[in-house]
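Undergrad: Turn this into a model:
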Amino acid sequence: MIPPEESLMRSARHIGIVAVSAEGAALCYRTICSEGAASFGVHGHPEISMHSFPLAEYVRHIDVNAWDKVGELLLESATRVVGAGADFLICPDNTVHQGVALIRDRSPAPWLHIAEEVGTVAVQRGFRRLGIMGTRSLMEGPVYPVALERLSVAFEFPEAADRQRIDDVIYQELVRGRIEEESRVYFQSVIRGLANRGCDAVVLGCTEIPLLISQSDSPLPAIDSTRTLARAALREAVGAKEA
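TA: Numbers count the residues shown, from 1 in each chain. Got it, this is the predicted structure:
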């Protein structure tokens, strides 16, 4: 008789990770593998395939707002992981979801959208106004406004000077695996500022920010976008596998 965990693993849907930055993708992958054990047994998790172009290729397009080019890179990665057997796709990078929106209807497999999953968690936890932290492109772009407005969840972004410094920390430290105590203290001060503006929770809306700020570090309840997406992927994987 096949143990139930083994049977679940055999029927689970294959997760495709369209990776962008190494640190965010690694945290997402590790979360799927470690938390998958609760459903699949010790060392168990769904099949996972991952592809990534160099982060530099994305950054050069983001820097000039060439979101169509970002979308094409994502689509090519998606095609490769679907070719490896993936049934659905996730991208553990908030910023490039502006490009996901441009190619989602042409994708060879469906996507779980990180901001939509964060919004769902916010609604479930009863949060009414979210402070959003991420790259400057994310904080000044449409990814979270579009997703949260559909759910009638209000949101705030840090002030312009803070947006720039947060962006600098992400690109100069976090995506390179550098964790600096000075930056942690600074991020905490930004979160307190968002609380003063009426936010009842903060979204760690760059997949590397959870490496710097945990719930115990945050002055507000925090929604970790990286782990939120990973957990959504696990739920999707244990759904009925398409014929």
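
Undergrad: What ranges does this protein have for its helices?
TA: Ranges of helices in the chain, per DSSP state H, are 4-11, 22-40, 55-62, 67-83, 97-103, 114-124, 136-139, 143-150, 160-172, 181-196, 209-212, 225-237.

Undergrad: By mean pLDDT, flag the weakest helix or strand of this structure.
TA: helix 4-11 (a mean of 64; mean pLDDT, DSSP states H and E).

Undergrad: so who does the nearest residue to residue 174 once chain neighbours are set aside touch?
TA: Leaving out its chain neighbours, the residue that sits closest to residue 174 by Cβ to Cβ, 6 or more residues apart in numbering is residue 208, at 3.7 Å. Heads up, the C-betas are built off the backbone N, CA and C, glycines and all. Neighbouring residues of residue 208 by Cβ atoms under 8 Å, 6 or more residues apart in numbering: 21, 23-24, 27, 170, 174-175.

Undergrad: For those, pick the one with the most neighbours.
TA: Within the contacts of residue 208, most neighbours by other Cβ atoms under 10 Å means residue 24, with 28 neighbours.

Undergrad: Let me see the confidence value for that residue.
TA: pLDDT for residue 24: 97.

Undergrad: tally of neighbours for the closest residue to it other than its chain neighbours?
TA: Nearest residue to residue 24, sequence neighbours excluded (Cβ to Cβ, 6+ apart): residue 207, at 2.9 Å. By the criterion of other Cβ under 10 Å, residue 207 has 32 neighbours.

Undergrad: Identify the residues contacting residue 207.
TA: 21, 23-25, 27-28, 92-94, 225-226, 229.

Undergrad: could you redo the last one with a cut-off of 7 Å?
TA: With contacts defined as Cβ atoms under 7 Å, 6 or more residues apart in numbering, the neighbours of residue 207 are 21, 24, 27-28, 92-94, 225-226.

Undergrad: can you count the residues close to residue 56?
TA: Residue 56 has 7 nearby residues by other Cβ under 10 Å.

Undergrad: meant to ask about residue 177, not that
TA: 11.

Undergrad: now do residue 22
TA: By other Cβ under 10 Å, neighbour count at residue 22 equals 15.

Undergrad: cool, residue 190 as well?
TA: Counted with other Cβ under 10 Å, residue 190 comes out at 20.

Undergrad: Can you read off the pLDDT for it?
TA: 98.

Undergrad: Hmm, residue 164 and it touching each other?
TA: No - applying Cβ atoms under 7 Å, one finds residue 190 not in contact with residue 164, separated by 11.7 Å.

Undergrad: Contacts for stretch 178-193, please.
TA: Outside stretch 178-193, the residues that reach it (Cβ under 7 Å, 6+ apart) are 131, 133, 158, 162, 165-166, 169, 173, 202, 211-213, 217-220.

Undergrad: Try it again at 8 Å.
TA: Residues from elsewhere that reach stretch 178-193 (Cβ under 8 Å, 6+ apart): 131, 133, 158-159, 162, 165-166, 169, 172-173, 202, 209, 211-213, 217-220.

Undergrad: Tell me which residues of that stretch come out buried.
TA: Using 16 or more other Cβ atoms under 10 Å as the test for burial, stretch 178-193 gives 183, 186-188, 190-191, 193.

Undergrad: still on that earlier bit, so which of the contacts of residue 207 would you say is closest to residue 82?
TA: residue 92 (17.1 Å; Cβ to Cβ).
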